[in-house]
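Novice: sequence plus predicted model, see below.
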Amino acid sequence: MNPAKTPEFFPFEVHAIKYATVARRQSENFIGGDPHEAGERMDYFVWLARSAERTIVIDTGFNEAAARRRRRDFLRSPVDGLKLLGVDAASVEDVVITHLHYDHVGNFDLFPRARFHLQDREMAYATGRYMAVEHFSHAYEPDEVIAMVRNVYAGRVEFHDGDAQIAPGLSVHHIGGHTAGLQAVRIWTRIGWLVLASDASHYYANMNERKPFPIVADVTQMVDGWARLRKLADVPQHVVPGHDPLVMQRYQASEDALQGIAVRLDAEPAATDQEESS
Ligand SMILES: [Zn+2]
């Protein structure tokens, strides 16, 4: 970490909470992947950033009914996962929604006090012309998009256009690519600037091996987004992908009792040979 860059913020602790998982084919994880080959599993996370002053939840995950509908292995409600870390969803005031796909935005009825931080372009995309095409609409749930529109009318959505600070030491950054309005989150921690990529890179391999993920609105924006993520972090190793099971292996459990459930991300990850040194 470069001390010259050290801001005077309270550092956030950052946790990834795993709430579901599913087996995948290679072709479901990488454009051009072999449809016959089994791929890496996909893990599903919500994230918690907590400082001495603020508690911010990043994404709200799906619930058991959605898991059944989409045949995912549901492990626990994201809200129960937050509870294990001492956070009551009902009292959370700020929730960053990285994008409106079903696995990032279910359950928001369980956050009755929250203000939702969303990119203008995500709402425009999720309610616009491309939703008439199954490739683009498949990962959205119309009822959830409509519920978010209701939240707009209730004054509970704070829109952002590009980069915006949510709290001292925590900001959102429009990346696009996977969806038109996807945003990543940059967080000041004890190890410096950490970046939650969310679905700007589902797996380490998407960004590190430059292999785009097949659910995509704009492949060129997705590719540009990988470089952007690296610039936002102090070092490339501090970019955390959105769905990679390696995250649970490379970071320590948040507490002993939370093995396999939650890991603490504001720590140096165990190195793997998948990492590029650039
Ligand atoms: Zn996702």
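Specialist: All right, it came through fine. Numbers count the residues shown, from 1 in each chain.
Novice: for the ion, give me its nearest residue in the stretch 1-150 of the chain.
Specialist: The stretch 1-150 of the chain approaches the ion most closely through Asp103 (4.5 Å), counting by CB to the ion. Every residue, glycine included, has its C-beta placed from N, CA and C.
Novice: thinking that residue is in contact with Ala139, fair?
Specialist: Yes: judged on CB atoms under 8 Å, Asp103 makes contact with Ala139 at a distance of 7.3 Å.
Novice: quick one: which of the two has more around it?
Specialist: Asp103 (26 against 17; other CB atoms under 10 Å).
Novice: did I read that right, the more buried one in a helix?
Specialist: Yes: membership of Asp103 in a helix is supported by DSSP: H, G, I helix; E, B strand; the rest coil.
Novice: show me the contacts for it.
Specialist: Ala20, Tyr44, Gly61, Phe62, Ala66, Arg72, Ala139 (CB atoms under 8 Å, 6 or more residues apart in numbering).
Novice: bridging residues for the residue nearest in space to the middle of the chain?
Specialist: Nearest to the geometric centre of the chain sits Ser198, at 2.9 Å (CA atoms, centre = their mean). Counting by DSSP bridges, Ser198 forms beta bridges with Pro241.
Novice: for it, give its distance to the ion.
Specialist: From Ser198 over to the ion the distance is 7 Å, taken as CB to the ion, to the nearest Å.
Novice: quick check, that residue in contact with Thr179.
Specialist: No: using CB under 8 Å, Ser198 makes no contact with Thr179, being 10.1 Å away.
Novice: what do the two both touch?
Specialist: By CB under 8 Å, 6+ apart, the residues touching both Ser198 and Thr179 are His99.
Novice: got a list of contacts for stretch 61-69?
Specialist: 19-20, 44-46, 70, 72-74, 77-78, 102-104, 106-107, 141.
Novice: now do stretch 129-141
Specialist: Counting by CB under 8 Å, 6+ apart, Ala66, Leu100, His101, Tyr102, Asp103, Gly106, Tyr125, Ala126, Ala180, Ile215, Ala217 sit against stretch 129-141.
Novice: export those to JSON lines and tack on pLDDT and secondary structure?
Specialist: Output for the contacts of stretch 129-141, formatted as JSON lines (pLDDT from 0 to 100; DSSP: H, G, I helix; E, B strand; the rest coil):
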{"residue": "Ala66", "pLDDT": "89", "secondary structure": "helix"}
{"residue": "Leu100", "pLDDT": "98", "secondary structure": "coil"}
{"residue": "His101", "pLDDT": "97", "secondary structure": "coil"}
{"residue": "Tyr102", "pLDDT": "95", "secondary structure": "helix"}
{"residue": "Asp103", "pLDDT": "96", "secondary structure": "helix"}
{"residue": "Gly106", "pLDDT": "90", "secondary structure": "coil"}
{"residue": "Tyr125", "pLDDT": "98", "secondary structure": "helix"}
{"residue": "Ala126", "pLDDT": "98", "secondary structure": "helix"}
{"residue": "Ala180", "pLDDT": "98", "secondary structure": "coil"}
{"residue": "Ile215", "pLDDT": "94", "secondary structure": "coil"}
{"residue": "Ala217", "pLDDT": "95", "secondary structure": "coil"}
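Novice: and those residues as TSV, adding distance to Ala90?
Specialist: As requested, the contacts of stretch 129-141 are exported to TSV (distance: CB to CB, whole Å):
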residue	distance to Ala90
Ala66	20
Leu100	22
His101	24
Tyr102	22
Asp103	22
Gly106	16
Tyr125	30
Ala126	26
Ala180	31
Ile215	32
Ala217	34
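Novice: out of those, flag the one nearest to Gly33.
Specialist: Ile215 (12.6 Å; CB to CB).
Novice: that closest one contacts His178, correct?
Specialist: Yes: taking CB under 8 Å as the definition, Ile215 is a contact partner of His178 at 6.6 Å.
Novice: surely Arg70 and Gly106 touch.
Specialist: No: using CB under 8 Å, Arg70 is not in contact with Gly106, being 10.5 Å away.
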